[in-house]
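> Here's a sequence, model it:
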Amino acid sequence: MIHAMIKTSAPVREALAEGQPVVALESTIISHGMPYPRNVETALSVEQHVRDNGAVPATIAVIGGKPTVGLTPDQIEYLGREGLNVTKVSRRDLPSIMATGRDGATTVASTMILAARAGIRVFATGGIGGVHRGAEDSMDVSADLQELAQTDVAVVCAGAKAILDLPKTLEYLETHGVPVLGFGTDDLPGFYTRETGLRVDHRVESAAEIAALLRAKWDFGLSGGVLVTNPVPVEFAMARDPIDRAVEQALAEAQAQGVKGKDSTPFLLARVTELTGGDSLATNIRLVENNARLAAQIALEIAKA
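Residues are numbered from 1 along each chain as shown. Got it, this is the predicted structure:
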């Protein structure tokens, strides 16, 4: 059942009422993740990939204080043009943004919350947040991880963002009982790269297999999400060495400039894009589209049941 405080678009509302597959999509990637107009072009392309694979896309944001599930093209264009002027909204920010009637672009965590409140079980994104490097001193751990531990939504991604401490991110997920699946791989994808040398919990080979695991988990009353990691297609993957060098330089610059907290991820991703001559942005777009396709296929399998 859709929560009374959530506004849904007609296509999303009708699909949910009829038990049709729906895939949630975040909006921070539009306002904070890419430059205009590539952000808008990508958002609309990702929605089309969901449709082409048999599901209804539901891009999520807070518009005028109203949690909105299923943005119009005009609303996507607005978020893309406004960019960093739109507040980045995670769990802690939702009450303030809603109460004051402001606009907000949803992160992985807040998109999961609103998707769950609307009855959507599958969400496609690029990469999740995680444990930041140096977290043993800064305690900088993304709210995405805690949301995965408590909210019943499957998140399809290309792994955690490459700027993070990936071993610690996996440890956190293991501690909180979040299954980490590898679609056609035993190796955790590295966002821009197909491998990291770290192993996932379970390898899965099909959308039907993933849907069966989700049903078993939630039907048995095991609350919390599932992380479905989906490697970027081979033809769009980047080599590890140049990405690692770009990430290390971006991290050093962020530290020197005092960039931290919620500002760190947009800064680092933008700097990595600059340092790679735009190659990382092209890879980012392709991996999001790839995740949208898989998410739609999973949603379709869940709907069949």
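> What segments of the protein are helices?
10-17, 28-31, 38-52, 73-82, 94-99, 108-118, 135-138, 143-150, 166-175, 207-219, 240-257, 264-275, 279-304 (DSSP state H).
> tell me which residues in the fourth one are buried?
Meaning helix 73-82. 75, 76, 77, 78, 79, 80 (16 or more other C-beta atoms under 10 Å). C-beta here means a position set from N, CA and C on the backbone, and glycine is covered the same way.
> Can you tell me which of these is closest to residue 118?
Distance to residue 118, by C-beta to C-beta, is smallest for residue 75 among the buried residues of helix 73-82, at 16.1 Å.
> so what's the nearest residue to that closest one once chain neighbours are set aside up against?
In space, and not counting its chain neighbours, residue 75 is closest to residue 63: 6.1 Å by C-beta to C-beta, 6 or more residues apart in numbering. Contacts here follow C-beta atoms under 8 Å, 6 or more residues apart in numbering; on that basis residue 63 touches 7, 71, 75, 103.
> what about the closest residue to residue 304 other than its chain neighbours, how many residues close to it?
With sequence-adjacent residues excluded and distances taken as C-beta to C-beta, 6+ apart, residue 304 is closest to residue 211, at 8.0 Å. By the criterion of other C-beta atoms under 10 Å, residue 211 has 23 neighbours.
> quick one: residue 211 and residue 302 touch, right?
Yes. Residue 211 lies in contact with residue 302 (C-beta atoms under 8 Å); the separation is 4.9 Å.
> Name the spans of this protein whose pLDDT lies under the cut-off.
Within the chain, the stretches with pLDDT under 70 are 262.
> Can you give me every residue that contacts the residue nearest the centre of it?
Residue closest to the mean C-alpha point of the chain, counted by C-alpha atoms, centre = their mean, is residue 125 at 3.0 Å. By C-beta under 8 Å, 6+ apart, residue 125 lies in contact with 25, 26, 29, 108, 111, 155, 156, 157, 288, 291.
> Can I get stretch 63-75 in CSV? Just the C-alpha atoms.
What follows is stretch 63-75, C-alpha atoms only, in CSV (Å, rounded to 0.1, in the frame of the first residue of the first chain):
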residue,chain,number,x,y,z
ILE,A,63,9.3,18.1,-4.9
GLY,A,64,7.9,21.0,-3.0
GLY,A,65,8.2,19.0,0.2
LYS,A,66,6.2,16.1,-1.2
PRO,A,67,7.9,12.7,-1.6
THR,A,68,7.3,12.0,-5.2
VAL,A,69,7.6,8.5,-6.8
GLY,A,70,7.6,8.8,-10.5
LEU,A,71,8.9,12.1,-11.8
THR,A,72,7.7,13.7,-15.0
PRO,A,73,10.3,14.6,-17.7
ASP,A,74,9.8,18.3,-16.7
GLN,A,75,10.7,17.5,-13.1
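> which outside residues touch stretch 235-247?
Here stretch 235-247 makes contact (C-beta under 8 Å, 6+ apart) with 162-163, 190, 192-195, 231, 268, 271-272, 275-276, 279-280, 282-283, 286-287.
> just the buried members of the residues you listed?
Applying 16+ other C-beta under 10 Å to these, the neighbour count classes 162-163, 190, 192-194, 231, 268, 271-272, 275-276, 279-280, 283, 286-287 as buried.
> quick one, what contacts residue 16?
So residue 16 contacts 2, 8, 22, 118, 119, 120 (C-beta under 8 Å, 6+ apart).
> Next step: these restricted to strands.
Secondary structure defined by DSSP state E assigns 8, 22 of those to strands.
> Between the contacts of residue 16, which sits nearest residue 225?
For the contacts of residue 16, the residue nearest residue 225 by C-beta to C-beta is residue 120; the value is 12.2 Å.
> surely that closest one meets residue 152?
No. Contact criterion C-beta under 8 Å: residue 120 and residue 152 do not qualify, at 10.2 Å.
> Looking at these two, which is more packed in?
When residue 120 and residue 152 are compared on other C-beta under 10 Å, the one with more neighbours turns out to be residue 120, at 27 against 16.
> Residue 29: neighbouring residues, count only.
27.
> Tell me the strands beside the longest strand seen in the chain, with direction?
Longest strand in the chain by number of residues (criterion: DSSP E): strand 56-63. Using DSSP bridges, the strands paired with strand 56-63 in its sheet are strand 22-25 (parallel), strand 66-69 (antiparallel), strand 104-106 (antiparallel).
> quick one: residue 35 from residue 269, how far?
11 Å (C-beta to C-beta, to the nearest Å).
> More neighbours: the two, which one.
Each of residue 35 and residue 269 has its neighbours counted (other C-beta under 10 Å); residue 269 has more, 24 against 12.
> my guess is that one meets residue 191, correct?
No. Counting by C-beta under 8 Å, residue 269 does not reach residue 191; the two are 9.8 Å apart.
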